[in-house]
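>>> no sequence for this one, just the structure:
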């Protein structure tokens, strides 16, 4: 039998529409669980429902790596509008929605806390707290201030934000505070703590880093009948302990990383003094890099002093109202490169490398204190996820309330991902990025035939989006 030549398949035009639907399904599922309808209906009764706009904005942040200001065109597609029960709207409507939730963001956070603690019987209410900064593009918002930049952009205005999460094994964020870009962590702490303390049980442990450690903050925790675990900045009295550290016969805590420590007991607190070989190596490497930068900087200035090049902008005062005569002098003329490097290295290496001290009102063992404090890295991962996976940075908004609203949308997006991980133990170790990709892969095709009935065809299932979207009949 002769083999006939196969005909090329003809592509015919149709009116079918396909779009990623997994994030929308997940968001709507948790919107219902968290009572978004009740929470957001308080703030807008007329026109386009605020709940639908918030759901659409969260889905947008989980689907696209773009600014919220571009969300209007993404949402205003017919199929997306139908998915969230919305009518077509102008961009200014979205801006007003962001401002509205921004004005009320504190109340929204407290409502969410009440719902979370009523729906879940958490095994504990110990929390990790952390603070970070975000670059702000634009100069109209009063929250934007110059300050210590975690994003290494001191030339840009920024805003500060704080996150509170229930520590392992829960790892759900329960608090978000937003503050001017020049507010330090020690001052910001009280606002962050006050936001969550009423929902925490007595004797809960509040864990935070040394940047927020201050007498008033520690007293505030104790006054609320809770406990604290934090780190302290090393001082001159600690240098004496460092000199006799090995004479005190410290216990081996972590053999792999070479961690040793001893405990000091005081009436109102306990100090846990540690040395880590691994940390010492990292600290010394960092100090050497700093020494190299300082030497390079001195050489650059020396070239300016000798007339070989002009003074770079970074060494000038960039202010039209200030006339300044700046004179630099280096020590390089009398030193070889090796001698100069040894000089800056000696100044950079302090002898404290590898040593650190934890402080707690709880009576812990050395291992317990170290273990609990190390677990604080989970809140730091939330910060990283918000910035680089939920993509809340950089902020391109126009007012304080829009900043509050934009950060709240990012927070809600991460809260939903965290609840997915908590509700589905199989996903506990999966990153936000991986879950986002799986949800975005789930696609629906709306088949438009001659009949009035539209058929929805779902495709690109994997075990993750099936677990999230098919369980409990999100897709029927």
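In hand now; what should we look at? It should be emphasised that the depicted structure is a prediction, and the values quoted were computed from it without experimental measurement.
>>> ok, now which ones touch the residue lying closest to residue 234 once chain neighbours are set aside?
In space, not counting the residues next to it along the chain, residue 234 is nearest to residue 352; the distance is 5.4 Å by C-beta to C-beta, 6 or more residues apart in numbering. Any C-beta I mention is one placed from the backbone N, CA and C, and that applies to glycine too. Counting by C-beta atoms under 8 Å, 6 or more residues apart in numbering, residue 352 makes contact with 234, 238, 239, 242, 283.
>>> Lowest-confidence one in these?
Note: of these, the lowest pLDDT belongs to residue 283, at 87.
>>> so which helix or strand takes in it?
helix 277-305 (DSSP states H and E).
>>> Counting neighbours, which bits of that helix end up buried?
279, 283, 287, 291, 294, 295, 298, 300, 301, 302, 304 (16 or more other C-beta atoms under 10 Å).
>>> ok, of those, which one's closest to residue 418?
residue 279 (29.4 Å; C-beta to C-beta).
>>> Quick check, pLDDT for the closest one.
Confidence score, pLDDT, at residue 279: 91.
>>> cool, residue 458 as well?
Reported pLDDT at residue 458 in the predicted model: 86.
>>> Show the contacting residues for the closest residue to it other than its chain neighbours.
Nearest residue to residue 458, sequence neighbours excluded (C-beta to C-beta, 6+ apart): residue 444, at 5.3 Å. The contact partners of residue 444, taken as C-beta under 8 Å, 6+ apart, are 18, 19, 21, 456, 457, 458, 459.
>>> what would the residues you listed look like in CSV with secondary structure and distance to residue 179?
Converted to CSV, the contacts of residue 444 look like this (DSSP: H, G, I helix; E, B strand; the rest coil; distance: C-beta to C-beta, whole Å):
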residue, secondary structure, distance to residue 179
18, strand, 43
19, strand, 38
21, coil, 37
456, strand, 45
457, strand, 48
458, strand, 43
459, strand, 45
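>>> Strands of the protein, residue ranges please.
For the chain, the strands defined by DSSP state E occupy 17-20, 127-135, 158-166, 172-180, 205-207, 227-232, 251-254, 259-265, 270-276, 355-360, 443-448, 454-459.
>>> outside of the fifth one, which residues touch it?
The one in question is strand 205-207. In this structure, residues lying in contact with strand 205-207 by C-beta under 8 Å, 6+ apart are 126-129, 167, 193, 221, 226-230, 362, 372-373, 375-376.
>>> could you redo the last one with a cut-off of 6 Å?
For strand 205-207, contacts defined as C-beta atoms under 6 Å, 6 or more residues apart in numbering pick out 126, 127, 128, 221, 226, 227, 228, 229, 376.
>>> Sketch out the low-pLDDT regions of the stretch 251-400 of the chain for me.
Low-confidence segments of the stretch 251-400 of the chain (pLDDT under 70): 304, 307, 313-335, 337, 339-341, 344-345.
>>> which phi and psi does the residue nearest to residue 122 when sequence neighbours are not counted have?
Spatially, and ignoring its direct neighbours in sequence, residue 122 is nearest to residue 170 (5.7 Å; C-beta to C-beta, 6+ apart). Dihedral pair for residue 170: phi -80, psi -60, per degrees, to the nearest 10.
>>> Just the residues contacting stretch 162-181, thanks.
Applying C-beta under 6 Å, 6+ apart, the contact partners of stretch 162-181 are 109, 113, 122, 126-131, 143-145, 147, 157-161, 188, 191-192, 195-196, 375, 378-379, 382, 404, 407, 411, 415, 418, 422.
>>> Would you mind listing which of those are buried?
Among the contacts of stretch 162-181, those buried by neighbour count (16+ other C-beta under 10 Å) are 109, 113, 122, 126-131, 143-145, 147, 157-161, 188, 192, 195-196, 375, 378-379, 382, 404, 407, 411, 415, 418, 422.
>>> In space, not sequence, find me the middle residue of the protein.
Centroid check for the chain by C-alpha atoms, centre = their mean gives residue 383 as the closest residue, at 1.4 Å.
>>> Tell me the buried residues in stretch 447-467?
Within stretch 447-467, the residues scored as buried using 16+ other C-beta under 10 Å are 458, 461, 464, 465.
>>> Apologies, that question was intended for stretch 161-173.
Buried residues in stretch 161-173, counted by 16+ other C-beta under 10 Å: 161, 162, 163, 164, 165, 166, 167, 170, 171, 172, 173.
>>> and of these, the nearest to residue 215?
residue 162 (19.5 Å).
>>> gap between that closest one and residue 175?
Between residue 162 and residue 175 the computed distance is 7 Å (C-beta to C-beta, to the nearest Å).
>>> Could you do residue 355 as well?
Distance, residue 355 to residue 175, using C-beta to C-beta: 32 Å.
>>> Just send the contacts of residue 444 back as JSON lines, with distance to residue 118 too.
Below are the contacts of residue 444 laid out as JSON lines (distance: C-beta to C-beta, whole Å):
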{"residue": "18", "distance to residue 118": "39"}
{"residue": "19", "distance to residue 118": "35"}
{"residue": "21", "distance to residue 118": "30"}
{"residue": "456", "distance to residue 118": "34"}
{"residue": "457", "distance to residue 118": "38"}
{"residue": "458", "distance to residue 118": "33"}
{"residue": "459", "distance to residue 118": "37"}
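>>> nearest to residue 253, of those?
Among these, residue 21 lies closest to residue 253 (C-beta to C-beta), at 49.6 Å.
>>> what sits against the closest one?
Contact partners of residue 21, counting by C-beta under 6 Å, 6+ apart, are 442, 444.
>>> circling back: only whichever of the contacts of residue 352 are buried, select them in PyMOL.
To isolate the buried members of the contacts of residue 352 in PyMOL, using 16+ other C-beta under 10 Å:
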select buried, resi 234+238+242+283
